[in-house]
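# Provide a 3D model corresponding to the input given below.
(chains A and B)
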Amino acid sequence: MHTASVLASFFMKHFFPVLKTSTKFFFVLIVFMMFLPAGCAKKGDNDTAKIRFVTWKPNQPAVWDEIIDIFETEHPGIRVVRETGPHSSTAFHDLLTQKLKNKSSDVDVFFMDVIWPSEFAAAGWAMPLDDLFPDNEQQKFLKGPLLANTYDDKIYGIPLFIDSGMLFYRKDLLEKYGLNPPETWEDLVHIAQQIVSGEAKYGSDINGFSGQFKQYEGLVCNMLEYILSNNGYILNPNSGEPGLSEQPAIEAMGFVRNKIIRNIAPEGVLTYEEPESIALFIQGKAVFHRNWPYAWEVSNNPQRSKIAGNVGITKLPHFKGGKSHATLGGWQLGISNYSQNKDAAWTFVQFLTSERIQKLLTLKAGLAPTRKVLYGDADILDKYPQFSEMKNVFLTAYPRPRSPLYPSISNILQRFFSKVISDPDSRIEDEARMASLEIKKVLSLIQ
Amino acid sequence: MARVSFLFKERLFAVTLIVPCFLFVSVFAFYPILYSFYLSLHRIILSLPGLEQLFIGLENYEQLLNDPFAMQSLINTIIFVFVSTFFEILFGLAIALVINRYFRGRGIVRAAVLIPWAIPTVVASQMWRFIFNDNYGLLNFSLFGADTALYRAWLADPLFAFAAIVIADVWKTSSFSALIILAGLQIIPDEIYEAAKIDGANAWQRFIKITLPLIKPALLVALLFRTMDAFRVFDVVFVMTQGGPADSTNVLQFYGYKKIFAEGLMGYGSTISVLVFLITFIISLVYIRTIGTRLFQESS
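Presented below is the predicted three-dimensional model:
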């Protein structure tokens, strides 16, 4: 044991010489304390119904405090306890599903990302809301988000606000060259090339396009927009079969690989999520930029953006013969099947998704509402004139494949898309066939 | 009589000392390993609770062997282990030889060598991600200066992205190997070198004939630690590439993480964990049997 003991004493002597035995003991104590379960205190009051609302840390906490205050004043019998989860959608998903999996009665109302309702419905976590949320009420909402909340013809969540892919562009540069925002992807490539080569004469190293093409969920969102706008699809809406190896999808992917990336977009987009891609745009280094609506605020903020005031926003282009498609994002409110206070929970959800509160959220937090009527609201349009244009984008916003096994499908798609766009020698047809097989394997679990 | 009670007391004392450690290992090592194995024999899909927790025997293992992505990530992991361990030992040896010599400021250099190892891997990986960034990365700047037209997107290239995670890992853990090898160097008595010098051995001969054989135990310990650790690589990949581009940096641990936490496939994901455990276990057994016995025999 000679060598081993020499090693140990060597470490202690040379690298932790200052620690006395008592200090070491103290460290051990700390480690043990970390494993002790935190004591839980429980308060019980009988008159008021308490609903637990699992939410994330909002960007504008003050608005949310205000909203909860209004609710509690108007409904003295109900108290809202907020449980704040992580900001990242994936981490929030892990926390929430953990609670629901354990059939915890600690959850009454929760937020759902737009890709979760199918999973939550199939797992029996979210309660169907059809009786409370009838057709005539549904008519008042945008169609895309409602579709995302529907599983097996039942609705499991009420959309609160919406996100969708949009095209941002340099208004100043397009005007300088006397060009209009592009209608088709081919136009976008031509305009980008024209401006990039024109600007190069002044020594500018501007790029044509920036988007999100790293191997992650955002890649699926981006690729879907190309494939759908070429009349392709990932899952055939009628047969439910994967459509990746069909001609429209293959063409669209080939276009991204050869005409977008390595042509008007730098190769670096293969490593970009939203923050990196918007950084390129707001530093004035890209003519076009694909992102979610929040990019409007960021790129027009003079403190963060070099191009504030020179940004235009429009719907995403399409291929010739196709229609624009924006990938749908956004957050919904669901009610847990294990809730003890379903009536109070519904009162709260109804309140949050009401016209009045959505308007407040839009005005104070910049979130895009899901009620159609608000896109004609004078106060909102006064503050956010771009919302009248955004409505058209939101009307075409299309959900990602709806399946309780969406996370598995997404992982297959991320791997596949990343392969065909980052490896120019890969054969798209072969890879598509393989990915389709994998997706079929996953889907077969549901039957 | 007194002797018996003394022995008994000794034993009791020994048991009291061992029990807390044994409990700790049971709760934090044995239980999770056994439970993972138990889970790996079931089909558990979090989003499809209607399927129940079905016992399916070794079906998950069969599926794993036929999963081309799992096998590709296994190959990636093996290449990662070989390349990174090789360079870590090589650089570790070089660093150890340098800081074993007497020179002014040696204390500072020794402390500096420790820095990469002391930085949390997540922070170090984030730093390397910045270094390899296509627009403002240090690597592009040092290679091409202000000529931004030549800037390359290093992490966008499947081959280089893999090299990048190896580089980050080697940078981070070479100093760990250096520490262990340094400990080995410290126990070589100076007299042997003096005797060799008198016999006319040059520096290279002294290194080959004296240093290397004598630090072999330390080298092997470093090798053992690094191989097992490299096999479980996760954080570098998680921070720098998320397995991309084109799945080129997808390693087994990251693949398993995705299966369990993103896809909710508890059974299948556990199968991958068990595979990683078995492989590291076998590696350590092989090391301990072939070198461990010799290592401990020759020193006792």
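# any idea what sits nearest the closest residue to chain A within chain B, other than its immediate chain neighbours?
Nearest to chain A, among the residues of chain B, is B:Gly244, at 2.7 Å (C-beta to the nearest C-beta). C-beta: built from backbone N, CA, C; applies to glycine. Closest residue to B:Gly244 apart from its sequence neighbours, by C-beta to C-beta, 6 or more residues apart in numbering or on different chains: A:Gln215 at 2.7 Å.
# Wasn't the residue of chain B closest to chain A part of a helix?
No. Applying DSSP: H, G, I helix; E, B strand; the rest coil, one finds B:Gly244 to be coil, outside a helix.
# these two touch, right, it and A:Ile421?
No. B:Gly244 lies out of contact with A:Ile421 (C-beta atoms under 8 Å); the separation is 10.3 Å.
# Overlap of the contact sets of the two?
A:Leu270 (C-beta atoms under 8 Å, 6 or more residues apart in numbering or on different chains).
# In terms of pLDDT, where does the residue nearest to B:Gly244 sit?
With respect to pLDDT, A:Gln215 scores 88.
# What backbone torsions are found at it?
Dihedral angles of A:Gln215 (phi, psi; degrees, to the nearest 10) stand at phi -70, psi 90.
# give me the number of residues near it?
When neighbours are defined as other C-beta atoms under 10 Å in any protein chain shown, A:Gln215 has 29 of them.
# residues touching it, list them.
For A:Gln215, the contacting residues are A:414-415, A:417-418, B:241-247, by C-beta under 8 Å, 6+ apart.
# Max pairwise distance over those residues: which two?
The span of the contacts of A:Gln215, defined through C-beta to C-beta, is set by A:Phe417 and B:Thr241 at 15.1 Å.
# The residue of the stretch 301-447 of chain A found nearest chain B and A:Met253, how far apart?
Nearest to chain B, among the residues of the stretch 301-447 of chain A, is A:Ser422, at 3.8 Å (C-beta to the nearest C-beta). Look at A:Ser422 and A:Met253: by C-beta to C-beta, to the nearest Å, they are 12 Å apart.
# ranges for the helices of the stretch 251-400 of chain A?
A:274-282, A:294-299, A:342-352, A:355-365, A:378-383, A:387-396 (DSSP state H, counting those that start in this stretch).
# Figure out which of these is closest to B:Gly92.
With C-beta to C-beta, the closest approach to B:Gly92 among the helices of the stretch 251-400 of chain A belongs to helix A:274-282: 34.0 Å.
# Report pLDDT for B:Met266.
We have a pLDDT of 87 for B:Met266.
# Now it, what are its backbone angles?
The phi/psi pair for B:Met266 (degrees, to the nearest 10) is phi -60, psi -40.
# got it, and A:Pro407?
According to degrees, to the nearest 10, A:Pro407 has phi -60, psi -40.
# Can you report how many residues lie near the closest residue to it other than its chain neighbours?
Counting by C-beta to C-beta, 6+ apart, B:Glu263 is the residue found nearest to A:Pro407 once chain neighbours are left out, at 4.6 Å. B:Glu263 has 22 neighbours, counted by other C-beta under 10 Å.
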